[in-house]
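1. No letters, just coordinates:
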C-alpha cells in the first residue's frame, strides 16, 4: 500500500455510507454484501456478494461503490461478484438488523419466521404473501396491531 492510499478500514467506513438500493436504511456493509476490500498495487479490489441470485440491486451497487469511492479520490477500482459461499443472514450486522426493524422490516431469521412485529413487537403474526415489496421480502401482518409489514426472507 502506498503512503497516500486510504486504509482498508477507512474504505469500509466510506462504503458504510452506500445504502442498499432497495432498502435505503441499511448500508451495503451492514447488509454484509461487501465481502472483501484490498489494495493490489494502486487498484482497489472490492468483492461483493448478492443476498440472493438474480438480485436486481446488484446492477446498481457497483456504480454506487464507484461513485462513493470516487468522492474520496479512489478511481482505480475493480469490483467483482462472488456467489460462493452464498450470502447468509449471519453476515447482517446488529446495526443493520436494528435499522431494518426501525424502518418497519422484520429482520431475517434462519427459521423463516419473523421474531415478531417490528412495530409493536407482538409475536402473533401471520404470513400474507411470500411476495413483498421487493423479491427479497415477504408480506406479513401483525394480528395485534393489525399492521402489515415486510419480512426480509433471505436466509
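-> Ah, there it is. Keep in mind the model is a prediction, meaning the values are calculated, not measured.

2. Show me where this structure has its strands.
-> Using DSSP state E, the strands of the chain run over 34-40, 43-48, 77-81, 105-106, 125-129, 137-142, 148-152.

3. tilt between the first one and strand 77-81?
-> What separates the directions of strand 34-40 and strand 77-81 is an angle of 150 degrees, with axes from the mean of the first three to the mean of the last three Cα atoms, to 10 degrees.

4. how is this structure carved up into domains?
-> The chain resolves into domains spanning 8-87, 104-152 when parsed by automatic domain parsing.

5. if we compare these, which one ends up closest to residue 96?
-> Set against residue 96 and scored by Cβ to Cβ, these come closest in domain 8-87, at 3.2 Å. Placement of C-beta: from N, CA and C, glycine included.

6. so where's this protein uncertain?
-> 1-3, 154-155 (pLDDT under 70).

7. Just give me the residue right at the centre of it.
-> The residue lying closest to the centre of the chain (Cα atoms, centre = their mean) is residue 31, at 2.6 Å.
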